[in-house]
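Quick one: sequence plus predicted model below, questions after.
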Amino acid sequence: MEKNEPTQSKYDAALAKYNTQLDDAEIAAQAARIIAEKVPANNTPEVKKFLFSCIDLTTLNSTDSDESVMKFTQKVNKFDEEFPDLKNVAAICVYPNFAEVVKDTLEVEDVKIACVSAGFPSSQTFVEVKVAETAMALMEGADEIDIVISVGKFLAGDYESMCEEIQELKATCKEHHMKVILETGALKTASNIKKASILSMYSGADFIKTSTGKQQPAATPEAALVMCQAIKEYHELTGIKVGFKPAGGINCVNDALIYYTIVKEVLGEEWLNNELFRLGTSRLANLLLSEIKGEEMKFF
Ligand SMILES: O=C[C@H](O)COP(=O)(O)O
């Protein structure tokens, strides 16, 4: 290596172990093939019941209040009684200031409390604020934390700052699962989505998640395919299983079936459980429930 040649950062070295030069048209064609050939066979009552149990039931609105979040949580409490034949949702996902309300209201076991944090949805704040918000959410009762990468730092090529923030936030989360949102709609290309996926996992993500739901486009089959391929390659290289969470704009049952199918085809049955697969959504629960029950349901 030339003396004046800059040393390769450890992040560039990490990326060099993976194929990060992807063709967007090829990814789109691969996703289209999976959707056309594999989704119909998964359109079954059993899959829909499983998908329901993978939902991170989300309310992330500026109009959310202690009262509205308490009522939202009480519906989850009533679900087991109303639908004893179905597994409840996997988690309730709220802003961090509502962690305590959910903790104090939630009565059912096995439903986790997920909080967005670290300056969600823009991630544009001081790292000290991100750490404090995360620590406070956990102190107030959060079981899981969903953060957003510093998209601006990533797009500027400042992988070191982006990754060090993720590492610091994972250190704050300790054993609690941390989902890292890539905001794939802002990353634009499949190559960028692959790089952000690898860097996030390298920095400690327990899950990688497509989107905040606050920017369009949110989750897409193409982004899901690239992220699942990254998870697969990362597992092959490290033995570490990272979860996948499509989120944002999952507005019909078929959308959910598409993401289920992509996970099944790329990652296999090992990922088809709610420890490694979640759906971040504020609208899907009633739609899934209606199809499972064969009538219109407006339970949540
Ligand atoms: O994961 C959380 C997302 O904000 C949900 O987005 P959505 O409201 O489009 O379902």
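Good, I have the coordinates. No experiment lies behind these values; they were computed from the predicted model shown. Numbering: from 1, shown residues only.

What segments of the stretch 101-250 of the chain are helices?
127-140, 151-155, 159-173, 184-187, 190-202, 221-238 (DSSP state H, counting those that start in this stretch).

Need the winner for burial among these.
By mean neighbour count, with neighbours taken as mean count of other CB atoms under 10 Å, helix 190-202 ranks first of the helices of the stretch 101-250 of the chain at a mean of 25. The way it works is simple: take the backbone N, C-alpha and C, and place the C-beta from them, glycine included.

Who are the packing partners of it?
If you count contacts as 3 or more CB pairs under 8 Å, 6 or more residues apart in numbering; DSSP states H and E, helix 190-202 packs onto helix 10-15, helix 151-155, helix 159-173, helix 184-187, strand 207-209, helix 221-238.

Give me the angle between that helix and helix 221-238.
40 degrees (axes from the mean of the first three to the mean of the last three CA atoms, to 10 degrees).

still on that earlier bit, closest to the ligand out of the helices of the stretch 101-250 of the chain?
In terms of CB to the nearest ligand atom, the element of the helices of the stretch 101-250 of the chain nearest to the ligand is helix 184-187, at 11.7 Å.

mean confidence score for the closest one?
With pLDDT averaged residue by residue, helix 184-187 scores 98.

and if you look at stretch 76-85?
Averaged over stretch 76-85, pLDDT sits at 96.

swap in stretch 163-175?
In this model, stretch 163-175 has a mean pLDDT of 98.

and that stretch, C-alpha only, in CSV?
The C-alpha trace of stretch 163-175 is given here as CSV (Å, rounded to 0.1, in the frame of the first residue of the first chain):
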residue,chain,number,x,y,z
CYS,A,163,-21.9,3.3,12.9
GLU,A,164,-20.5,4.7,16.2
GLU,A,165,-23.9,6.2,17.0
ILE,A,166,-25.5,2.8,16.4
GLN,A,167,-22.9,1.1,18.6
GLU,A,168,-23.4,3.6,21.4
LEU,A,169,-27.2,3.2,21.3
LYS,A,170,-26.8,-0.6,21.3
ALA,A,171,-24.6,-0.3,24.4
THR,A,172,-27.4,1.8,25.9
CYS,A,173,-30.0,-1.0,25.0
LYS,A,174,-27.8,-3.7,26.5
GLU,A,175,-29.8,-7.0,26.2
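
Give me the residues contacting that stretch.
Outside of stretch 163-175, the residues within contact range by CB atoms under 8 Å, 6 or more residues apart in numbering are 11, 117-118, 127, 130-131, 134-135, 138, 145, 147, 149-150, 153, 178, 180, 199-200, 202-206.

what would the helices of the stretch 101-250 of the chain look like in JSON lines with distance to residue 65?
As requested, the helices of the stretch 101-250 of the chain are arranged in JSON lines below (distance: least, CB to CB, whole Å):
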{"stretch": "helix 127-140", "distance to residue 65": "16"}
{"stretch": "helix 151-155", "distance to residue 65": "29"}
{"stretch": "helix 159-173", "distance to residue 65": "27"}
{"stretch": "helix 184-187", "distance to residue 65": "29"}
{"stretch": "helix 190-202", "distance to residue 65": "32"}
{"stretch": "helix 221-238", "distance to residue 65": "32"}
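
For those helices, give me JSON lines that also has distance to the ligand.
Listed next are the helices of the stretch 101-250 of the chain as JSON lines, based on distance: least, CB to the nearest ligand atom, whole Å:
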{"stretch": "helix 127-140", "distance to the ligand": "15"}
{"stretch": "helix 151-155", "distance to the ligand": "16"}
{"stretch": "helix 159-173", "distance to the ligand": "17"}
{"stretch": "helix 184-187", "distance to the ligand": "12"}
{"stretch": "helix 190-202", "distance to the ligand": "16"}
{"stretch": "helix 221-238", "distance to the ligand": "14"}
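
In space, what's closest to the residue of the stretch 51-200 of the chain found nearest the ligand - neighbours in sequence excluded?
Using CB to the nearest ligand atom, the single residue of the stretch 51-200 of the chain nearest to the ligand is residue 58, 4.3 Å away. Excluding its sequence neighbours, the residue lying closest to residue 58 (CB to CB, 6 or more residues apart in numbering) is residue 93, at 4.1 Å.

for that neighbour, helix, strand, or coil?
In terms of secondary structure, residue 93 is strand; the call rests on DSSP: H, G, I helix; E, B strand; the rest coil.

hmm, back to that, how about the helices of the stretch 101-250 of the chain, which one is nearest residue 269?
Taking CB to CB as the measure, these were each checked against residue 269, and helix 221-238 came out nearest at 13.3 Å.

Work out the gap between that closest one and the centre of the chain.
When distances are taken as CA atoms, centre = their mean, to the nearest Å, helix 221-238 is centred 13 Å away from the chain's centroid.
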